[in-house]
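Colleague: Provided below are the primary sequence and the corresponding predicted coordinates.
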Amino acid sequence: MKKIKKALIPAAGLGTRFLPATKSVPKEMLTIVDAPIIFYVVEEAVKAGIEDIVLIAGRGKHAIEDFFDTSYEVEDKLLKDGKVDLLNRLEQIRNMANIISIRQKQAFGLGHAVHSGKTIIGNEPFAVLLGDEITVNLDNQSSATEDLVRAFERTGHSGLSVMKVTDDQVSKYGVAEFDAEKKETLRIGNSQNVDFYRVKNLLEKPKPSETNSRWAITGRYVFDPKIFSILENQKPTKNNEIQLTDAIQELTRNNVVNAYPLQGRRYDAGDKLGYLITNIEFALRNSELTQELSDYLKQLVNKIDKGSFK
C-alpha cells in the first residue's frame with residue numbers, strides 16, 4: 001500500500017468566536033502554554049510520518065507561515081545569550097516538515113478547503129488535521145493521526161477518527177453510523193492493535209432524535225484521492241457550504257470508509273471553554289508549572305466552594 005506522506009491543515013477560518021483577539025492574530029496562533037495551537041497539530045502530523053504539510057490559509061494568516069520560517073534576529077540573539085535549549089526548539093520547529101501554503105480565496109466550507117489542496121496533493125493518499133483541534137496520546141497510546149495513517153497503509157481504505165459524545169453534544173458534530181457489533185481489529189505495530197468499524201452512514205450535526213449513534217467525527221481523517229473528484233461535484237448544503245461530511249458519505253457508496261475510535265485525548269481549542277481547558281491541562285502536564293498551578297487551582301476551588309471568589 002502507498003504510504004501517506006502529505007497532510008492538509010485547513011486554517012482559513014475567521015476565528016469569530018475569539019474576536020477581538022483574532023482580528024489581527026490567526027486563531028491557530030493562539031498559544032497553549034508557550035506554543036501556538038498549530039504547532040501541536042503539525043507536531044502530531046510529523047510524528048505520524050508526514051513530510052509535506054499543506055496549509056489551507058486565508059487572508060491575514062501570514063503569521064502561521066512566519067512561525068515555521070527562520071527568524072534570524074531572534075535565533076542570533078539566543079545564540080549570543082547562550083540560550084541553546086530555546087534555540088534548539090526554534091530550529092526543531094523550522095525543520096519539522098515542508099510547509100506549503102495555499103490561499104482559500106473564498107470560505108465555502110471545509111469540503112472546499114480540502115479540495116483547495118488538490119494541486120499539491122495530486123493523486124496521492126493524504127491526511128487531514130483540523131487546525132484548531134489537538135489530540136494527544138496518553139499512556140504510550142498512539143495519536144489519532146498515527147493510527148489512521150498506519151491503518152491506511154495496511155488496508156488502503158479511507159478512515160476517520162471518532163469519539164463517543166453525550167446526547168446534548170450530538171448536534172455539534174458530524175456523526176458516523178456503523179454496526180457497533182461488527183468490530184474489527186487491525187495490528188498496526190509489533191504489539192499494537194486498533195479497533196475499527198465500517199461506516200454505514202454519516203450525518204452533519206443531526207438532532208439526537210435523528211440518529212442512534214453517539215460517535216462524533218473528530219478533526220482527523222485519511223483519504224484516498226478519490227475524495228477530490230467527489231468534492232469537485234459536491235453541491236453546497238448547510239450554510240451554503242460544501243460539507244466534507246457529505247463528500248465522505250458519497251465516498252462510502254462505492255468505497256470502504258472505516259471509523260477508528262480515538263485512543264488518546266482530544267481538545268477543542270477552537271472553542272473558548274475548550275481553549276481554557278486545553279491550557280490548564282497542558283500546563284498541569286508541564287513539570288515547570290504542575291505544582292504551583294495545582295496548588296493555585298485547589299485554592300481557587302476552595303474559594304468557589306465557599307462562595308468567596310469574586
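Modeller: On my side now, so go ahead.

Colleague: residues near residue 80, how many?
Modeller: 8 (other Cβ atoms under 10 Å). (Each C-beta comes from the backbone N, C-alpha and C, glycine too.)

Colleague: how close does it get to residue 55?
Modeller: Plainly put, residue 80 is 32 Å away from residue 55 if you go by Cβ to Cβ, to the nearest Å.

Colleague: same check, this time on residue 144
Modeller: Counting by Cβ to Cβ, the gap from residue 144 to residue 55 is 19 Å.

Colleague: Pick out whichever of these two has more residues nearby.
Modeller: Set residue 144 next to residue 55 and count neighbours by other Cβ under 10 Å: residue 144 wins out with 31 against 25.

Colleague: Touching, the more buried one and residue 263? I think so.
Modeller: Yes. Here residue 144 reaches residue 263: they are 7.3 Å apart, a contact under Cβ atoms under 8 Å.

Colleague: Helices of the stretch 201-310 of the chain, residue ranges please.
Modeller: With DSSP state H, counting those that start in this stretch as the criterion, the stretch 201-310 of the chain has helices at 226-232, 244-251, 272-284, 290-306.

Colleague: tell me the most buried of those helices?
Modeller: Of these, the one with the most neighbours on average (mean count of other Cβ atoms under 10 Å) is helix 244-251, at a mean of 22.

Colleague: Rebuild the helices of the stretch 201-310 of the chain as JSON lines, extending it with mean pLDDT and distance to residue 165.
Modeller: Putting the helices of the stretch 201-310 of the chain into JSON lines (pLDDT from 0 to 100; distance: least, Cβ to Cβ, whole Å) gives the following:
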{"stretch": "helix 226-232", "mean pLDDT": "91", "distance to residue 165": "24"}
{"stretch": "helix 244-251", "mean pLDDT": "90", "distance to residue 165": "15"}
{"stretch": "helix 272-284", "mean pLDDT": "93", "distance to residue 165": "13"}
{"stretch": "helix 290-306", "mean pLDDT": "91", "distance to residue 165": "26"}
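
Colleague: so which of those comes closest to residue 29?
Modeller: Ranking the helices of the stretch 201-310 of the chain by their distance to residue 29 (criterion: Cβ to Cβ) puts helix 272-284 first, at 12.5 Å.

Colleague: Which residues does that closest one contact?
Modeller: Residues from elsewhere that reach helix 272-284, judged by Cβ atoms under 8 Å, 6 or more residues apart in numbering: 17-18, 30, 32-33, 134, 267-269, 289-290, 293-294, 297.

Colleague: Buried among these? Need that as a selection in PyMOL.
Modeller: Command for PyMOL, covering only those of the contacts of helix 272-284 found buried under the criterion 16 or more other Cβ atoms under 10 Å:
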select buried, resi 18+30+32+33+134+267+268+269+289
